[in-house]
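Enquirer: Need the 3D shape of this:
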Amino acid sequence: MMGTNTRGRLFGLVHPLWDITAHVERDFLDKYQLEANNAILAAEIHKEMFEEFLSESRPSLEHGPGGATQNALKVAQWYIGEPGVVTSIGCVGDDKVGRKIVECLEDIGLNVHYMVDRERPTGVCIVLVTEGANRSLVTRLEAANRYQHEHLNKVWESVEKATIFYLSGFVLNLPGDTVLTLGKHALEHNKTFSMNLSAPYVCTVLKDLLLNVLQYCDLIRCCQSFLSFRSNTKI
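Expert: Modelled structure (predicted):
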């Protein structure tokens with residue numbers, strides 16, 4: 001059994017998203033110009049899809065807290081079992097979905113310190129599952145991408161308690177220097193700093209931001225398909 005000194009040991013900076021999952025056919029992907037196994041940010045062409053999925057007209061959809069890092073922290077908290085070992089920070093909207101995310105995470109034992117943005121709704125990720133368990137992820141970040149560095153000062157005690165930091169490449173373009181601040185803190189205090197590259201576009205669109213952070217990483221995770229991006233972008 002873990003003792004009280006483990007409280008808040010694992011710390012994650014996340015895009016808090018609400019996942020909406022549906023099983024679809026290939027022609028549905030074609031309609032919205034989507035690949036069967038990919039992760040992208042929503043564009044204008046996906047507006048109609050989000051309107052449909054956020055309405056009450058598709059009761060068969062699966063709903064729940066999502067986002068790459070948030071999901072990883074959920075699993076970690078479940079595996080560890082003891083409440084309070086995992087801390088999550090990020091930004092949600094001032095809406096029912098944001099409050100539901102916090103409620104769900106606190107129910108399974110996470111320490112949740114989410115900034116609330118009153119101008120944008122909580123972020124949503126539509127997960128389209130096709131034959132062969134392929135997943136096409138389309139994300140509308142909204143409030144999730146508006147986390148402000150100033151909020152980190154309010155939760156700095158949690159940062160100091162942590163010994164392991166985990167984040168995804170998705171959060172590299174958050175405003176301010178939050179990611180770099182966490183990386184520098186981990187390096188200066190001999191803590192573990194781990195990052196998942198998450199999606200191929202992180203290695204291209206966010207390349208410069210990624211290169212700035214890699215110097216602080218003890219562990220980097222990615223799938224095999226990222227190796228081609230690594231050679232092409234000289235990361």
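Enquirer: just checking, residue 21 is part of a strand?
Expert: Yes - going by DSSP: H, G, I helix; E, B strand; the rest coil, the assignment for residue 21 places it inside a strand.
Enquirer: roughly how far apart are it and residue 141?
Expert: Separation of residue 21 from residue 141 (Cβ to Cβ, to the nearest Å): 18 Å. From N, CA and C alone the C-beta is placed, and that goes for glycine too.
Enquirer: Could I get the full set of helices for the chain?
Expert: Secondary structure of the chain (DSSP state H): helices at 26-31, 47-54, 68-80, 96-107, 149-154, 156-161, 178-188, 207-214, 226-233.
Enquirer: Pull the distance from the third one to the chain's centre.
Expert: Read that as helix 68-80. 11 Å (Cα atoms, centre = their mean, to the nearest Å).
Enquirer: Rounded mean pLDDT for that helix, please.
Expert: Averaging pLDDT along helix 68-80 yields 93.
Enquirer: packing partners for that helix?
Expert: Contact analysis of helix 68-80 by 3 or more Cβ pairs under 8 Å, 6 or more residues apart in numbering; DSSP states H and E lists strand 10-13, strand 86-93, helix 96-107, strand 164-168, strand 192-196 as its packing neighbours.
Enquirer: My understanding was that residue 202 contacts residue 211; is that so?
Expert: No - contact criterion Cβ atoms under 8 Å: residue 202 and residue 211 do not qualify, at 11.4 Å.
Enquirer: the more surrounded of the two?
Expert: Neighbour count, other Cβ atoms under 10 Å: between residue 202 and residue 211, residue 202 has more, with 25 against 12.
Enquirer: Name the nearest residue to the more buried one, sequence neighbours excluded.
Expert: Leaving aside its sequence neighbours, residue 202 sits nearest to residue 169 (Cβ to Cβ, 6 or more residues apart in numbering; 3.4 Å).
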